[in-house]
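Q: pasting the sequence and the predicted model now:
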Amino acid sequence: MRAAKRIEKLPPYLFAEIDRKVAEARARGADIISFGVGDPDLPSPPHVVEALADAAADPATHRYPSYTGMLAFRDSIASWYERRFGVGLDPSEEIQPLVGSKEGIFHLPVAFVDPGDVALIPDPGYPVYETGTILSHGEPVLLPLTPENGFVPDLDAIPRETLERARVLWLNYPSNPTAACVDVDFFQRAVDFCRAHDLLLAHDAAYTEITFDEYVAPSALQAEGAMECVVEFHSLSKTYNMTGWRIGWVAGAPVAVEALKRLKTNIDSGIFDAVQRAGIAAIEGPQDHLRSSIETYRRRRDLLCDGLKSMGVVVEPPRGSIYVWVPVPDGHTSESFTELLLNEAAIVVAPGNGYGPSGQGFVRFSLTLADDRLEEGVERLRKVVT
Ligand SMILES: Cc1ncc(COP(=O)(O)O)c(C=O)c1O
């Protein structure tokens, strides 16, 4: 027996590969310090956990949830969009809860990309934009993000023939893995471009709430004309340290939200109602937990960037996300430096080229590890780098 050919076309998921190498190193007795996966080490807010426990004790939550998500959850997302971005959304037609944003990101091409259609994808970028496109028999066309272009795609450089076949433009700011941030003017240019070329702009906004130094990340839906051509993916995962809970949403252009909704009724059966009630508690409850997470990441970012600087590796401290994107020393590739760190310092980082060919020459450090481990990691790094 063999698996379908489409499975053969899929690269192994980057972190499955990293996990395997880490397990091997641990089995050899290594004390691994992991800057690998971007999975918050901080706990979910206690009032959210309590809301889940209360809701889980209520048998009304035990049946199949609704496909479209609880109206109360969609209402609280709409109110949050209004408060946070000044964007008005209709909870019935313009918001669809997701089983984590990864689910919706993967399914968007199934709903929107026909075989042979092009999806424009940031390179480096979150791998699911590309794998979702490949499994929908679409053609991923990579848009290089480099230090020279400020990690922002040069939309005017996309060839006309490519644009004619393109259906979707993916963006993600604050960005994983580059940690680059943009302002609303950039989104306005992207929206104007998408309207001119009849493209759907799919913005992955997973990290908009984790920002530093007074920077406030915009929503792509703030741009004029966005409701015609933008969908934005959001998630409670990183904002509230809820990666294990699997809850997010897509919001924006009704035509795309409707297409995803229709697809999803055939795939999953919604999010556990108790988790949605907890999601409401996260969005509407006290935000001091978020402020404290941001402060923790800021401190760790500075520890890492200052440490790197003292080794002669100068990295501009990022204004958002939970990552630092670091160029590898001369003479190294992303892979050779990742291997060196693992073998010589028992440090795990994500090789930049795992996020696309333009990530070659970089590694990604995630800030989701305790300060003392991070500090020790910096000292181990110093021994390898200097
Ligand atoms: C850029 C980006 N988008 C989406 C996700 C998926 O988040 P979730 O499915 O937990 O909402 C991640 C997770 O790491 C991410 O980095």
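A: Sure thing, it's come through. Residues are numbered from 1 along each chain as shown.
Q: measure the nearest residue to residue 137 once chain neighbours are set aside to residue 200 for me?
A: Leaving aside its chain neighbours, residue 137 sits nearest to residue 115 (3.8 Å; criterion: C-beta to C-beta, 6 or more residues apart in numbering). The C-beta positions use only the backbone N, C-alpha and C, and glycine is treated the same way. Distance of residue 115 to residue 200, computed by C-beta to C-beta, to the nearest Å: 17 Å.
Q: out of those two, which sits in the busier spot?
A: Using other C-beta atoms under 10 Å, the more surrounded residue of residue 115 and residue 200 is residue 200, with 24 against 8.
Q: wait, what's in contact with the more buried one?
A: Listed by C-beta atoms under 8 Å, 6 or more residues apart in numbering, the contact set of residue 200 reads 112, 167, 168, 169, 194, 229, 230, 231, 253, 256.
Q: for the fourth one, give me its contacts.
A: For residue 169, the set of contacting residues under the criterion of C-beta under 8 Å, 6+ apart consists of 119, 120, 155, 190, 193, 194, 199, 200, 201, 202.
Q: mind running it again at 10 Å?
A: Going by C-beta atoms under 10 Å, 6 or more residues apart in numbering, residue 169 touches 118-122, 141, 143, 153, 155, 158, 163, 190-191, 193-194, 197, 199-203, 229-230.
Q: next, format the contacts of residue 200 as TSV and append distance to residue 19, pLDDT and secondary structure.
A: Below are the contacts of residue 200 laid out as TSV (distance: C-beta to C-beta, whole Å; pLDDT from 0 to 100; DSSP: H, G, I helix; E, B strand; the rest coil):
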residue	distance to residue 19	pLDDT	secondary structure
112	31	93	helix
167	33	97	strand
168	30	98	strand
169	31	98	strand
194	36	98	helix
229	37	98	helix
230	34	98	strand
231	31	98	strand
253	36	98	coil
256	33	96	helix
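Q: now these: which count as buried?
A: For the contacts of residue 200, a burial check counting by 16 or more other C-beta atoms under 10 Å picks out 112, 167, 168, 169, 194, 229, 230, 231, 253, 256.
Q: test my guess that the fifth one contacts residue 252.
A: No: the pair residue 194 and residue 252 fails to qualify as a contact (C-beta atoms under 10 Å) at a distance of 11.7 Å.
Q: so what sits against both of these two?
A: Both residue 194 and residue 252 are contacted by 200, 201, 202, 220, 226, 228, 229, 230, under the criterion C-beta under 10 Å, 6+ apart.
Q: let's see which of these end up in helices.
A: 226, 228, 229 (DSSP state H).
Q: of all those, which comes closest to the ligand?
A: Proximity of those to the ligand (C-beta to the nearest ligand atom) peaks at residue 226, which lies at 19.1 Å.
Q: check contacts around the closest one.
A: Residues counted as contacts of residue 226 (C-beta under 10 Å, 6+ apart) are 87, 187-188, 190-191, 194-195, 201, 203, 219-220, 232, 252-253.
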